[in-house]
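Novice: I'd like to go over a predicted model; first the sequence, then the structure.
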Amino acid sequence: MKRKDFLKIGGLLVASSFLADCRQTVRKESVAKRGSLRITTTIYELKLRQAWTLSRGTWTTRRNVLVRLEKDGITGYGEAAPIPRYSESAESNEEFIRRALPVLEKDFWEYQDRWQELEALSPGQNAAKAALDMAILDWIGKNLGIPLYRFFGLNPEKTLPTTYSIGIDEAEVMQKTALAAPAFRRLKIKVGVPDDKKHIEAIRAVTDRPLIVDANEGWKDRQQALEMINWLAERGVEFVEQPMPADNLEDHRWLKERVSVPIFADESVHKVKDIPALASAFHGINIKLMKCGGLQEALRMVSVARAHGLKLMIGCMIESSLAISAAATLTPLFDYADLDGNILVTNDPFRGLTLDGDRWKLSEKPGLGVEPVIPEW
Ligand code: MG
């Protein structure tokens, strides 16, 4: 056998085992039909390359819900990455989508009304709302035959580079992870445990790249937060995300007046209505589609946050290329992007979004521009 043929067969074997792996991780598929509308939801288990530890827990897999909205011969795709901290699971997201059927039977072109109706259905379940908003807008882009960045009037040359996230682990493991990601010009380090300083020093010993630090509410009082942030500032940390518990705006306000690098809200900010009250407590905010309920709400948040003089980061959960494409589309409106959820998994069920170094390159195909890897989906 020629080397070329051998490599080709080897490549096919790798591709088929990847496909088999993707099929295996489909846990359940449910279908609802009403007239020309067909809604399919699939619980899909994303497998993490390495255990993912934050200040509040450790995960090796994440169960997301993939949504397919088919209407008039066009398919829109959406993805929900449920957030357990807000009482969401794949099942509760699916249940919300089932209850949304009367909304989804209406005209997708009036998508602003559809979002308000989804929001009025029940509080919470924002990942499910994000999946439906994403699928409706994907459907509209495909109907118009244009990518969503064009629909929103954004320049695809201005998408941002993404940071690469390093979860909490042994110092040596965190160091190795930093070394294994040389293409990323900015690293995001998870902190909020007693060994924080040891972890940062281990990473600093092998790289002088700018760092962003995310405490995920891990520092319990303002003195500890102030001491840690000033220590981090001396080690080239550009800004710190969510130093203390989300509802403690008063201590964040105290902190904002004293820190030498900016602090960003993540857990403290969900929707546009949260922004006016926290503008005096943070220098910037981290907007996530899964927290706010989708692209439409994220766009409203961008306008209101800018009006309050806040810096903007767009972030993600552990998500496939589908939801990351939706977020990457909006990056021209932001200062920083932390959109690496799909890089951290081994069985991404979508393709179409590509990395150019550390910058996301959007597909020129209509809508979100991504297609499922498993052909029968
Ligand atoms: Mg965060």
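Specialist: Everything's here; your move.
Novice: switch to C-alpha atoms for all contacts and neighbour counts from now on
Specialist: Noted.
Novice: how about stretch 296-308: buried residues?
Specialist: For stretch 296-308, the buried set under the neighbour-count rule, 16 or more other CA atoms under 10 Å, comprises Gln296, Glu297, Ala298, Leu299, Met301, Val302, Ala305.
Novice: try stretch 332-350
Specialist: Under 16+ other CA under 10 Å, the buried positions of stretch 332-350 are 332-334, 336-350.
Novice: who touches the residue nearest the centre of the chain in this structure?
Specialist: Residue closest to the mean C-alpha point of the chain, counted by CA atoms, centre = their mean, is Cys316 at 1.6 Å. By CA atoms under 8 Å, 6 or more residues apart in numbering, Cys316 lies in contact with Lys288, Leu289, Met290, Ile324, Ala327, Asp338, Leu339, Asp340, Gly341.
Novice: Was I right to think Asp72 contacts Glu105?
Specialist: No. With contacts counted by CA atoms under 8 Å, Asp72 stays clear of Glu105, the gap being 11.9 Å.
Novice: ok, how many other residues are close to Arg85?
Specialist: By the criterion of other CA atoms under 10 Å, Arg85 has 9 neighbours.
Novice: Number the chain from 254, please
Specialist: Sure thing, new numbering starts at 254, so read that last one as Arg338.
Novice: Please state the backbone phi and psi of it?
Specialist: phi -60, psi -30 (degrees, to the nearest 10).
Novice: swap in Leu563?
Specialist: phi -90, psi 150.
Novice: Helices along the stretch 504-630 of the chain, start to end?
Specialist: Listed in chain order, the helices of the stretch 504-630 of the chain (DSSP state H, counting those that start in this stretch) span 528-531, 542-545, 548-560, 574-583.
Novice: can you pull the contacts of Ala380?
Specialist: Glu332, Ala333, Ala334, Pro335, Ile336, Asn346, Leu542, Met543, Lys544, Cys545, Gly546, Gly547.
Novice: So, low pLDDT: which residues of this protein?
Specialist: 254-269, 276-281, 629 (pLDDT under 70).
Novice: Mind splitting it into its structural domains?
Specialist: 269-399, 404-623 (automatic domain parsing).
Novice: For the shortest one, what is the distance to the chain centroid?
Specialist: Looking back up the chat, that one is domain 269-399. On the basis of CA atoms, centre = their mean, to the nearest Å, domain 269-399 sits 14 Å off its chain's mean C-alpha point.
Novice: what's the answer for stretch 500-511, then?
Specialist: 26 Å.
Novice: got the contact list for it?
Specialist: So stretch 500-511 is contacted by 474-475, 478-479, 496-497, 515-516, 521, 531, 533-536 (CA under 8 Å, 6+ apart).
Novice: For it, list every residue counted as buried.
Specialist: Quick answer for stretch 500-511 (16+ other CA under 10 Å): Leu502, Asp504, His505, Arg506, Leu508, Lys509.
Novice: Can you lay out those residues as CSV showing distance to Gln369?
Specialist: As requested, the buried residues of stretch 500-511 are exported to CSV (distance: CA to CA, whole Å):
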residue, distance to Gln369
Leu502, 28
Asp504, 33
His505, 31
Arg506, 32
Leu508, 36
Lys509, 34
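Novice: Which one of these is nearest to Ala304?
Specialist: The closest of the buried residues of stretch 500-511 to Ala304 turns out to be His505 (CA to CA; 30.4 Å).
Novice: picking that back up, ok, so of the contacts of Ala380, who is nearest Glu423?
Specialist: The closest of these, once distances to Glu423 are taken by CA to CA, is Ile336, at 25.3 Å.
Novice: Tell me who's in contact with that closest one.
Specialist: Ile336 makes contact with Ser342, Ala380, Met543, Lys544 under the criterion CA under 8 Å, 6+ apart.
Novice: again, 10 Å this time
Specialist: Arg315, Asn317, Ser342, Ala343, Asn346, Gln378, Asn379, Ala380, Met543, Lys544, Met570, Ile571 (CA atoms under 10 Å, 6 or more residues apart in numbering).
Novice: All set, thanks.
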